[in-house]
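Enquirer: coords below, sequence missing:
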């Protein structure tokens, strides 16, 4: 019988198309990976040591009650980070450079101070996270923290920007343990949905402080400074901006999904078991027990180490971008250190100071990590206000100027965060006065 005879069954079409389809899929995957850049790194790096501590504390203390805040901040984060990428593409300049050129040295100095103070605290938190991670394996933090600072310095100074970016993007895979742990913990889906869709607001100082900390760790000032400067350094133009916008949205969605799963995992394990206060990295590691069992501490330690190293390489870059842009000095990861001595000198100084602060004996790890995020939330409105003013300047932005919906979302975000910060500071001031401060 001839093979062409209709009575002879032919091989399935998929058998012939399989290799061809696979060949067509790989270029698509490659194109997607090629898109991932400053936006994805800015999103992934936000889930650092301080973020893990803050989200874990939120889940342990309040269960699913703060998931609505993360959902709300998802929109805010995407609006803010998209605007920072658009500013970089439209102007080819970093945020602090634009502030200096548009508003003068005084406002630029204020923005530089805000970013520097926030970032120095954050650099210290990353090395605190590195120390806490290695101590889970019985290794002294005093041995590893200086070594980690040296590795971060080498990545920044000796590697090209693209190499640094790829290393940082790849380390984001360590966060995938949280969704698995959350699912294995079998959370009550009805409670999760209520926590996400029904806002629960408590006027207690601890709740408001943690709420501001969630803002500061989800929408951190360094993310905007880093992304805009990175977009400008990569030479992304308005014509290329569609890919950068996609990169930003992918990075922010990835970041927030992981954040939500951290809260769910800790709520379904620590909160339900009655452990509502996290005092150490070992306490936080228990959220991964449904996935790793007795090895939860080791898995958490690896994830915390990767997250902290990733952020420890980005934060000094951001600090250096902010200061050199505000002062009009040469800057850029891709430059030879001899052409930008101030830029690389500031990177070195940030790493040294951050590592030194992290090695202070007796530092309360979890509390320190969370309060630095609260500080970021307090300082954030200053940076957001500058960004919104710049993004509405047609001379700078041209066709990428903010639209009305973007302005509505942006200014609403800035106003709501400012109100939360004012309320928090008012509560703290009232508590001090009630306690008899200042002493007579």
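Expert: On my side now, so go ahead. From a predicted model like this one, the values you see are computed outputs, not experimental measurements.

Enquirer: tell me who's in contact with the spatially most central residue of the chain.
Expert: Centroid-nearest residue in the chain, with CA atoms, centre = their mean: residue 46, separated by 1.1 Å. Contacts here follow CB atoms under 8 Å, 6 or more residues apart in numbering; on that basis residue 46 touches 217-218, 220, 223, 255. C-beta coordinates here come from the backbone N, C-alpha and C atoms, glycine included.

Enquirer: repeat for residue 129
Expert: Residues near residue 129 by CB under 8 Å, 6+ apart: 48-50, 52-53, 304-305, 307-308, 369.

Enquirer: now it, nearest residue through space, not along the chain?
Expert: Leaving aside its sequence neighbours, residue 129 sits nearest to residue 49 (CB to CB, 6 or more residues apart in numbering; 2.5 Å).

Enquirer: count of neighbours near the one you found?
Expert: 33 (other CB atoms under 10 Å).

Enquirer: what of the one 4 residues further on?
Expert: Residues lying near residue 53 (other CB under 10 Å) number 30.

Enquirer: got it, and the one 4 residues further on?
Expert: Residue 57: 28 surrounding residues under other CB under 10 Å.

Enquirer: where does the residue nearest to the centre of the chain fall, phi/psi-wise?
Expert: phi -70, psi -20 (degrees, to the nearest 10).

Enquirer: distance of it from residue 318?
Expert: From residue 46 across to residue 318, the span is 12 Å (CB to CB, to the nearest Å).

Enquirer: any idea how far residue 57 is from residue 48?
Expert: 15 Å.

Enquirer: on that earlier part again, so the residue nearest to residue 129 makes contact with residue 122?
Expert: No. Between residue 49 and residue 122 there is no contact under CB atoms under 8 Å: 9.1 Å.

Enquirer: what sits in contact with each of these two?
Expert: Common contact partners of residue 49 and residue 122 (CB under 8 Å, 6+ apart): residue 311.

Enquirer: what about the helices in the stretch 201-350 of the chain?
Expert: 205-218, 221-234, 241-266, 281-285, 289-292, 296-327, 341-358 (DSSP state H, counting those that start in this stretch).

Enquirer: and stretch 333-343, how far out from the chain's middle?
Expert: Mean C-alpha position of stretch 333-343 versus that of the full chain (CA atoms, centre = their mean, to the nearest Å) differs by 25 Å.

Enquirer: need the residues that contact that stretch.
Expert: Contacts for stretch 333-343 (CB under 8 Å, 6+ apart): 156-157, 160-161, 164, 233, 317, 320-321, 323-324, 327, 329-332, 344.

Enquirer: buried members of these into ChimeraX, please.
Expert: Per 16 or more other CB atoms under 10 Å, the buried members of the contacts of stretch 333-343 correspond to this ChimeraX selection:
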select :156,161,164,233,317,320,321,323,324,327,331,332,344
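
Enquirer: Provide the secondary structure category for the residue lying closest to residue 353 once chain neighbours are set aside.
Expert: Closest residue to residue 353 apart from its sequence neighbours, by CB to CB, 6+ apart: residue 120 at 6.3 Å. Three-state assignment for residue 120 (DSSP: H, G, I helix; E, B strand; the rest coil): helix.

Enquirer: quick one: least confident of the contacts of residue 129?
Expert: Lowest pLDDT of those: residue 307, 80.

Enquirer: please name the residues that touch the nearest residue to it once chain neighbours are set aside.
Expert: Distances taken as CB to CB, 6+ apart place residue 48 nearest to residue 307, at 5.1 Å, with adjacent residues excluded. Applying CB under 8 Å, 6+ apart, we find residue 48 in contact with 122, 125-126, 129, 307-308, 310-311.

Enquirer: hmm, try it at 7 Å
Expert: Residues in contact with residue 48 (CB atoms under 7 Å, 6 or more residues apart in numbering) are 126, 129, 307-308, 310-311.

Enquirer: of the contacts of residue 129, buried ones?
Expert: 48-50, 52-53, 304-305, 307-308, 369.

Enquirer: name the SS class of residue 360, please.
Expert: Of the three states, residue 360 takes coil under three-state DSSP.
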